[in-house]
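Participant: Have a look at this prediction, sequence included:
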Amino acid sequence: MQVTMTVNDVEVTREIEGRLLLVHFLRDVLGLTGTHWGCDTSNCGTCVVWLDGEPVKSCTVLAAMAGGHEVRTVEGLARGGELDPVQQGFMQCHGLQCGFCTPGMMMTARALLDRNPDPTEAEIREAISGQICRCTGYATIVRSVRWAAVHEAAAAAQVTETTESDDAGEIANAGQPAGSLS
Amino acid sequence: MQVPAPFEYERATTVDQAIGLLERLGSGARLVAGGHSLLPMMKLRLANFDYLIDINDLHTELGYIRPGPDELRIGALTRHRELLESAELAAAFPIFADAERVIADPVVRNRGTLGGSLCQADPSEDLSAVCTTLDASCVIRGPGGAERVVPMEEFHVGPYETAVGDAEILVEIRLPVRPGGGSAYEKVERRAGDWAVVSAGAAVWLDGGVVVDARAGLAAVGPNTTGIPGISALLRGRQPSEDLLEQAGAIAARSCDPVSDQRGSADYKRHLAAELTRRALRRAVERARS
């Protein structure tokens, strides 16, 4: 069957099997290996991507189900060549060690901050409670998300002062690695 | 890698179209909503279908929470997250928010639906216990738009089996609204977001401090979620007291039929049935009074 969806603002059309899972479509068909594939049982949360702006576990969504919808992966987190504050927070606060859970953690964190720009530690822990990290004990992940919240608030305050928006940052960057730090 | 066996994917954009597809494709077809119970079973090849009909697009038609004077109606495609975040639902039936907080995790709750949960008919499933507790009715639509209303106790006909026929779809859950009500849900799980070892829902309706009606529903202690009429009979017409709740717990333990498994022994589950029923009733009474 043919499926067409928007991934990180880019429309893609591919011939797939109905049983293909979204995580494998992203990784194996589109080559977007930033989304990790872990437990395969919707427990670990390393495969979290956005479907129409909501975090979902892509090992438990069919690629066909995403047809006609918008998907965003960790590759689409940085905008206009600038790392998202969540990504910067994970750098600044050592939010990862091995990095396996990180893409899913960051997608969930970004969605949380979009709904709740100033979450408490408890709210952050609740938001990521369906995702497993075996390195950090979660403490530095929580700290990283708080870092992003604080710095976003500060940046927003600055923007209202200069009244200059940067909508150019919305440009697609599917397939680009989110890395290349600094 | 866990991958479902091959199937043909179909998508329905209206309820009538979904029923039409079910009629045309026959018993080898299955509806999939959030898919967070069905797809894992298909990955393990515990469930195999010739056709999978994706009904997520029906959310526009079947995603709603509509309070009314006599009953509150919830569309079958309403997602867990919407149930958890609905202030109207929390005001009428706080048991829903209690249960939703302990169902899976926030990301899974973005996807899973009320109708999918009930149609999975898992004896450990939380919303089935909630709907049993609240004496819900299930609206099932079939060919030609014909609808029938099935009470919750007849909706589940066995583990993983429902009253929904081959060319039918669960479209709505109706919850009777009565004055003076309070409700609560208690669950013990091995780890956060897991299936219940045992869970208990309770609802009471008070008038002048006296119980007009009370209901309890248990999950994971029998072939289906279990309503316990003996508890209703005990509490009706009485003033709630600790002694009465003690007796209600004992009835819950006697009335259920748990099995020993990796989640716990039958004895332990009976103990939980008693204790969780007491706790849920206690909280339901507090809420009914406030």
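Facilitator: That came in fine, so what should we check first? Residues are numbered from 1 along each chain as shown, chains lettered A, B, ... in the order given.

Participant: residue nearest the centroid of chain A?
Facilitator: Centroid check for chain A by C-alpha atoms, centre = their mean gives A:M107 as the closest residue, at 2.5 Å.

Participant: Show the model's pLDDT score for that one.
Facilitator: Per-residue confidence at A:M107 stands at 98 (pLDDT).

Participant: again with B:G222
Facilitator: Value for B:G222, per-residue pLDDT: 86.

Participant: ok, the residue lying closest to B:A12 once chain neighbours are set aside - how many residues close by?
Facilitator: Distances taken as C-beta to C-beta, 6 or more residues apart in numbering or on different chains put B:A18 closest to B:A12, at 3.6 Å, once the chain neighbours are dropped. In short, each C-beta sits where N, CA and C put it, glycine included. The tally of other residues near B:A18 (other C-beta atoms under 10 Å in any protein chain shown) stands at 27.

Participant: For chain A, give me its nearest residue in the stretch 1-150 of chain B.
Facilitator: Of the residues in the stretch 1-150 of chain B, the one nearest chain A is B:D105, at a distance of 2.6 Å by C-beta to the nearest C-beta.

Participant: How many residues are close by the residue lying closest to that residue once chain neighbours are set aside?
Facilitator: Using C-beta to C-beta, 6+ apart and skipping the chain neighbours, the partner closest in space to B:D105 is A:G130 (2.6 Å). For A:G130, the count of nearby residues is 24 (other C-beta under 10 Å).

Participant: how about the helices in the stretch 51-200 of chain B?
Facilitator: Assigned helices in the stretch 51-200 of chain B, in chain order: B:59-62, B:80-85, B:87-92, B:95-101, B:106-109, B:114-120, B:126-133, B:152-155 (criterion: DSSP state H, counting those that start in this stretch).

Participant: In JSON lines, list those helices along with mean pLDDT.
Facilitator: Converted to JSON lines, the helices of the stretch 51-200 of chain B look like this (pLDDT from 0 to 100):
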{"stretch": "helix B:59-62", "mean pLDDT": "97"}
{"stretch": "helix B:80-85", "mean pLDDT": "98"}
{"stretch": "helix B:87-92", "mean pLDDT": "97"}
{"stretch": "helix B:95-101", "mean pLDDT": "97"}
{"stretch": "helix B:106-109", "mean pLDDT": "97"}
{"stretch": "helix B:114-120", "mean pLDDT": "97"}
{"stretch": "helix B:126-133", "mean pLDDT": "96"}
{"stretch": "helix B:152-155", "mean pLDDT": "94"}
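
Participant: Tell me which of those is the most buried.
Facilitator: helix B:126-133 (a mean of 29; mean count of other C-beta atoms under 10 Å in any protein chain shown).

Participant: In terms of secondary structure, what does it contact?
Facilitator: helix B:95-101, helix B:114-120, helix B:152-155, strand B:181-189, strand B:196-207, strand B:210-219, strand B:226-227 (3 or more C-beta pairs under 8 Å, 6 or more residues apart in numbering or on different chains; DSSP states H and E).

Participant: Looking at those, which is nearest to chain A?
Facilitator: That would be, of these and by C-beta to the nearest C-beta, helix B:95-101, which comes in at 8.9 Å.

Participant: can you tell me the distance between the two ends of stretch A:122-136?
Facilitator: 17 Å (C-alpha to C-alpha, to the nearest Å).

Participant: ok, and what's touching that stretch?
Facilitator: Outside stretch A:122-136, the residues that touch it by C-beta atoms under 8 Å, 6 or more residues apart in numbering or on different chains are A:38-39, A:43-46, A:48, A:57, A:94-98, A:101, A:104-105, A:108-109, A:111-112, A:116, A:119, A:138, A:141-142, A:145-146, B:104-108, B:192-193.

Participant: among those, which are in helices?
Facilitator: A:104-105, A:108-109, A:111-112, A:141-142, A:145-146, B:106-108 (DSSP state H).

Participant: Tell me the most packed of those residues, by neighbour count.
Facilitator: Going by other C-beta under 10 Å, A:A109 tops those with 33 neighbours.

Participant: B:P229: neighbour count?
Facilitator: Counted with other C-beta under 10 Å, the neighbours of B:P229 add up to 12.

Participant: picking that back up, columns distance to chain A on top of the helices and strands packed on helix B:126-133, output as TSV?
Facilitator: Converted to TSV, the helices and strands packed on helix B:126-133 look like this (distance: least, C-beta to the nearest C-beta, whole Å):
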stretch	distance to chain A
helix B:95-101	9
helix B:114-120	12
helix B:152-155	25
strand B:181-189	13
strand B:196-207	16
strand B:210-219	20
strand B:226-227	27
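
Participant: out of those, which comes closest to B:I251?
Facilitator: strand B:210-219 (8.5 Å; C-beta to C-beta).

Participant: what sits against the residue nearest in space to the middle of chain B?
Facilitator: For chain B, the residue nearest the mean C-alpha position is B:S128 (1.9 Å; C-alpha atoms, centre = their mean). Shown in contact with B:S128 (C-beta under 8 Å, 6+ apart): B:117-118, B:121-122, B:152, B:156, B:219, B:224-225.

Participant: so does stretch A:41-49 get close to chain B?
Facilitator: Yes. Stretch A:41-49 lies within reach of chain B by C-beta under 8 Å from any C-beta of the partner chain, at A:41-42, A:45, A:48.

Participant: re the thing from before, quick check: phi and psi on the residue nearest to B:D105?
Facilitator: A:G130 adopts backbone torsions of phi -100, psi 20, taken as degrees, to the nearest 10.

Participant: for B:A136, same thing?
Facilitator: phi -70, psi 160.

Participant: returning to what we had before: just the buried ones from the residues of stretch A:41-49 next to chain B, in PyMOL syntax?
Facilitator: Those of the residues of stretch A:41-49 next to chain B that count as buried under 16 or more other C-beta atoms under 10 Å in any protein chain shown are selected in PyMOL with:
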select buried, chain A and resi 42+45+48
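
Participant: Greatest separation within the residues of stretch A:41-49 next to chain B: which pair is it?
Facilitator: Spatial extent of the residues of stretch A:41-49 next to chain B (C-beta to C-beta) is set by the pair A:T41 and A:V48 at 13.9 Å.
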